[in-house]
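In: Give the three-dimensional model of this entry:
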Amino acid sequence: MTCSPSRRRWLSLLPAAILAATTFSSGLVASLQAAPPAGFTALFNGKDLTGFRGGDTYDHRKLLALPEDQRAVQIAKWTATMTQVNPKTGKPHWYAENNELVNDGFGAYATTEKDYGDFELLVEYKTVPLADSGIYLRGCPQVQIWDHTNPNEFKNGANKGSGGLWNNSPGAPGKDPLVLADKPFGQWNRFRILMVGSRVSVWLNGKLTVDHALLENYYDRKQPVPVRGPIELQTHGGEIRWRNVFIREIGAKEANQILASHGEKGYQSVFNGKDFTGWAGPVDNYEVVDRAIVCKPHKGGTIFTQAEYTDFKARVEFKLPAGGNNGLAIRYPGKGDTAYDGMCELQVLDDNYEKATGSKIDARQAHGSAYGMVAAARGYQRPIGEWNFEEVTVVGSKIKVELNGSLILDADLSKVTEFMANSAHPGKDRTSGHFGFAGHNDPVAFRNIRLQPVK
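Out: I've put the predicted structure just below:
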């Protein structure tokens with residue numbers, strides 16, 4: 001597949017470890033257990049099931065919510081099936097052989113004991129005709145593996161090949177692989193899977209099959225996938241062999257770089273990193289620190305771009321102090337309270353605000369919410385002191401908020417009829433206005449502020 005200029009720019013921003021991994025995933029020849037590339041660790045040690053437990057198609061959030069004793073019992077039941085002997089073969093359903101992790105098509109799924117957040121996964125597999133398998137990411141199905149020659153499954157998309165996010169909704173990005181990349185049966189296939197937030201990219205045998213698509217939460221499509229969860233090697237219907245299963249955990253800085261570099265064409269900076277040129281409002285209540293706009297302590301008010309926007313996308317990084325409170329002003333008229341007089345204020349708030357301040361909040365006040373109107377999903381912020389990456393899309397009356405790669409708000413404000421404290425929002429139907437920050441006395445910082453019109 002030809003690499004587009006934007007794709008080349010994106011790859012050029014990735015750290016050397018990722019590029020090394022790309023070389024690994026496209027050029028590994030050895031049949032023995034290879035040494036992990038720099039920065040990676042082996043999930044499978046080539047000898048036994050150490051590091052794996054049993055698992056199933058089971059909501060990981062619900063598993064974690066079980067009392068500890070009940071959770072242990074459930075995991076033990078799954079794990080017991082992994083070592084059960086198949087009377088036809090005389091071997092367990094899962095076993096290690098010649099540096100390969102082998103499954104006969106039965107038993108629970110090989111599931112990592114450890115949970116992972118953002119990661120890069122490298123894995124090789126070899127399967128047989130009519131087999132069906134996949135890789136669950138943070139416990140969510142799945143990167144699909146199946147027999148692309150089986151005509152009985154063509155109605156389900158098997159003829160398009162493996163490597164898609166098969167459990168995404170019909171027509172959703174990522175559900176079908178971009179290209180057919182499977183090798184003939186008897187040969188080893190190689191995956192490289194990159195997951196940041198809910199954003200997933202997949203390469204199968206060196207070909208891009210999923211390009212930065214949102215993995216939908218199979219268990220509750222109204223919520224993003226969990227922030228952390230296990231890797232599961234699914235199997236049913238036939239033997240599958242796995243080898244050279246390596247993972248590299250991705251930190252916040254690199255994750256933000258990956259998110260920012262994808263689809264960056266068309267964005268323009270609206271902050272020069274030095275002063276408030278191009279901005280209006282009470283700018284004296286803010287300061288520039290290390291190329292970031294910071295609200296001065298015990299100060300506030302809404303500062304905003306001199307330019308106005310109709311439909312647009314905005315990207316910004318922000319960092320919160322404990323209990324920090326601010327907001328993104330959306331289609332702000334230039335005066336008044338943006339939460340009511342503008343289209344909305346998208347809340348920027350410490351996810352642990354109640355614990356940090358001792359104050360209770362309405363769900364419609366949580367981070368990412370259209371303040372007082374629509375609640376966002378919580379729990380997707382990075383720890384205090386780390387930079388978060390947020391992307392906002394405003395088209396007509398619809399607004400989306402993606403935080404650190406996970407879609408936490410997808411709302412149509414024209415349909416909102418109930419408001420927090422029964423306070424009307426007369427500006428919610430505005431069609432244009434300024435973009436800005438609504439400070440509330442806390443030193444919340446913003447940097448890398450970029451916008452682009454949506455036509």
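In: Now do the helices in the stretch 51-200 of the chain.
Out: 60-65, 68-82 (DSSP state H, counting those that start in this stretch).
In: nearest to G263, of those?
Out: For the helices of the stretch 51-200 of the chain, proximity to G263 was assessed by C-beta to C-beta; helix 60-65 is nearest, at 28.7 Å. (C-beta placed from N, C-alpha, C; glycine too.)
In: Pull up the pairing partners for the helix or strand harbouring V245, direction included.
Out: Element membership for V245 (DSSP states H and E) is strand 240-249. Strand 240-249 pairs in its sheet with strand 41-42 (antiparallel), strand 100-103 (antiparallel), strand 119-127 (antiparallel), by DSSP bridges.
In: average pLDDT for it?
Out: Averaged across strand 240-249, the pLDDT comes to 98.
In: next one: stretch 308-321
Out: 98.
In: Please identify the buried residues of that stretch?
Out: Across stretch 308-321, burial judged by 16 or more other C-beta atoms under 10 Å covers 309, 312-320.
In: With only the CA atoms kept, save it in PDB.
Out: Extracted C-alpha coordinates of stretch 308-321, given in PDB (Å, rounded to 0.1, in the frame of the first residue of the first chain):
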ATOM      1  CA  GLU A 308     -15.300  33.500  15.100                       C
ATOM      2  CA  TYR A 309     -16.100  30.000  14.000                       C
ATOM      3  CA  THR A 310     -19.200  28.200  12.800                       C
ATOM      4  CA  ASP A 311     -18.500  24.500  12.400                       C
ATOM      5  CA  PHE A 312     -15.000  23.500  13.500                       C
ATOM      6  CA  LYS A 313     -12.700  21.100  15.100                       C
ATOM      7  CA  ALA A 314     -10.400  22.100  18.000                       C
ATOM      8  CA  ARG A 315      -7.400  20.300  19.500                       C
ATOM      9  CA  VAL A 316      -5.800  21.300  22.800                       C
ATOM     10  CA  GLU A 317      -3.700  19.800  25.500                       C
ATOM     11  CA  PHE A 318      -4.500  20.700  29.100                       C
ATOM     12  CA  LYS A 319      -3.100  20.100  32.500                       C
ATOM     13  CA  LEU A 320      -5.100  20.300  35.700                       C
ATOM     14  CA  PRO A 321      -4.100  20.900  39.300                       C
END
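In: buried residues in stretch 324-339?
Out: Within stretch 324-339, the residues scored as buried using 16+ other C-beta under 10 Å are 324-334, 338-339.
In: Dump the buried residues of stretch 308-321 into a markdown table; add secondary structure and distance to P282 as well.
Out: As requested, those are exported to a markdown table (DSSP: H, G, I helix; E, B strand; the rest coil; distance: C-beta to C-beta, whole Å):
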| residue | secondary structure | distance to P282 |
| --- | --- | --- |
| Y309 | strand | 20 |
| F312 | strand | 23 |
| K313 | strand | 26 |
| A314 | strand | 21 |
| R315 | strand | 24 |
| V316 | strand | 19 |
| E317 | strand | 22 |
| F318 | strand | 19 |
| K319 | strand | 21 |
| L320 | coil | 21 |
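In: Format those residues as a markdown table; extra columns: distance to G301.
Out: Formatted as a markdown table, the buried residues of stretch 308-321 follow (distance: C-beta to C-beta, whole Å):
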| residue | distance to G301 |
| --- | --- |
| Y309 | 20 |
| F312 | 22 |
| K313 | 25 |
| A314 | 20 |
| R315 | 23 |
| V316 | 18 |
| E317 | 21 |
| F318 | 17 |
| K319 | 20 |
| L320 | 18 |
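In: Which of these sits closest to D118?
Out: E317 (15.6 Å).
In: Just give me the neighbour total for the residue nearest to D341 when sequence neighbours are not counted.
Out: Spatial nearest neighbour of D341, excluding adjacent residues (C-beta to C-beta, 6 or more residues apart in numbering): G427 at 4.5 Å. Neighbour count for G427, taken as other C-beta atoms under 10 Å: 22.
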